[in-house]
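1. What follows is a protein structure lacking sequence information:
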């Protein structure tokens with residue numbers, strides 16, 4: 001087993017007033033050559049957007065972009081004419097494919113929104129752009145793992161990559177095991193809330209841990225914990 005630990009306080013940080021963003025990997029003005037990606041996982045941004053503010057229309061292509069609201073609501077608009085509200089408990093994916101223009105903003109004018117913005121490099125380039133979102137009530141992952149993004153699971157949102165996103169909410173002391181879908185993949189664990197021990201390594205809130213060359217993760221919640229696991233290929237196909 002090989003691991004790489006990213007403590008929360010080592011992330012890149014940019015505070016633009018309307019946007020307060022922490023970057024696990026190099027992004028925008030934050031560049032660290034040792035933190036460009038984890039396999040095909042390219043971006044993991046922990047964003048807080050002020051009330052009524054947001055990202056204006058901008059283009060993307062050939063990237064799988066996942067948004068997971070942690071608190072509050074996001075309003076999505078894109079060049080296909082889609083206009084959606086993404087709430088806490090929802091997971092959104094946009095396959096930029098051959099090209100799409102979109103905007104994301106805080107749908108509320110009286111409170112901030114917190115969300116994770118995650119980019120994964122695609123398996124196939126220049127596919128037709130697509131969008132999908134689904135709701136995943138928290139009770140579906142209480143003291144167990146719940147797959148929310150997958151290339152082969154009708155209950156999850158579809159991704160153009162051999163990648164799986166899994167959420168879990170665990171009470172103090174609960175143990176769980178994650179088995180990789182493909183043994184050659186790696187898993188990036190991100191602690192949304194609380195403290196957890198994974199394969200003997202203690203993690204705190206907003207820490208990240210990349211794990212490769214193993215087929216399972218042994219998870220023990222050290223208090224009430226919310227966890228995101230991102231399983232990805234370590235090489236671009």
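-> Thanks, I have it. Nothing here was measured: the structure is a model prediction, and the numbers come from that model.

2. What's the separation between the residue of the chain most remote from its centre and residue 75?
-> Distance from the centre of the chain peaks at residue 110, with 25.4 Å (CA atoms, centre = their mean). From residue 110 across to residue 75, the span is 14 Å (CB to CB, to the nearest Å). (Glycine included, C-beta is placed from N, CA and C.)

3. likewise residue 102?
-> Distance from residue 102 to residue 75, by CB to CB: 11 Å.

4. So those two - more neighbours on which side?
-> residue 102 (21 against 16; other CB atoms under 10 Å).

5. who's residue 55 bridged to?
-> On the basis of DSSP bridges, residue 55 is bridged to residue 104.

6. Who are the contact partners of it?
-> 19, 103-105 (CB atoms under 8 Å, 6 or more residues apart in numbering).

7. Check what pLDDT it gets.
-> The model reports residue 55 with a pLDDT of 91.

8. Also the one 10 residues further on?
-> As predicted, residue 65 sits at a pLDDT of 97.

9. Pairing partners for the helix or strand hosting residue 94, with directions?
-> If you go by DSSP states H and E, residue 94 is part of strand 90-95. In the sheet, strand 90-95 lines up against strand 64-71 (antiparallel), strand 130-135 (antiparallel) (DSSP bridges).

10. Nearest spatial neighbour of the residue nearest to the spatial centre of the chain, chain-adjacent residues omitted?
-> In the chain, the residue lying closest to the centroid (CA atoms, centre = their mean) is residue 118, at 4.4 Å. Excluding the flanking residues, the one nearest residue 118 by CB to CB, 6 or more residues apart in numbering is residue 66, at 4.4 Å.

11. from memory that neighbour sits against residue 165, does it?
-> Yes - assessed by CB atoms under 8 Å, residue 66 is found in contact with residue 165 at 6.6 Å.

12. Need the residues touching each of these two.
-> 91, 118, 149, 159.

13. Could I get the contacting residues of the third one?
-> Under the criterion of CB under 8 Å, 6+ apart, the contact partners of residue 149 comprise 66, 91, 93, 156-159, 163-165.

14. Same check on the second one?
-> Shown in contact with residue 118 (CB under 8 Å, 6+ apart): 41, 43-45, 65-68, 165, 230.

15. Relative to residue 4, which of the strands paired with strand 90-95 is closest?
-> Within these, the stretch nearest residue 4 is strand 64-71; the backing value is 20.9 Å (CB to CB).

16. Looks to me like the residue farthest from the centre of the chain is in a strand.
-> No - counting by DSSP: H, G, I helix; E, B strand; the rest coil, residue 110 is not found in a strand; it is coil.

17. Give me the more crowded residue out of residue 66 and residue 165.
-> Taking neighbours as other CB under 10 Å, residue 66 and residue 165 compare with residue 165 leading, 25 against 22.

18. So for the stretch of helix or strand that one belongs to, mean pLDDT?
-> Applying DSSP H and E as the criterion places residue 165 in strand 164-170. Mean pLDDT, strand 164-170: 98.

19. ditto for stretch 90-104
-> In this model, stretch 90-104 has an average pLDDT of 95.

20. Pull the distance from it to the chain's centre.
-> Mean C-alpha position of stretch 90-104 versus that of the full chain (CA atoms, centre = their mean, to the nearest Å) differs by 14 Å.

21. Which elements pack onto the strand holding residue 165?
-> In terms of contacts (3 or more CB pairs under 8 Å, 6 or more residues apart in numbering; DSSP states H and E), strand 164-170 is packed against strand 145-150, strand 175-179, strand 216-221, strand 225-232.

22. what's the angle between it and strand 225-232?
-> 170 degrees (axes from the mean of the first three to the mean of the last three CA atoms, to 10 degrees).
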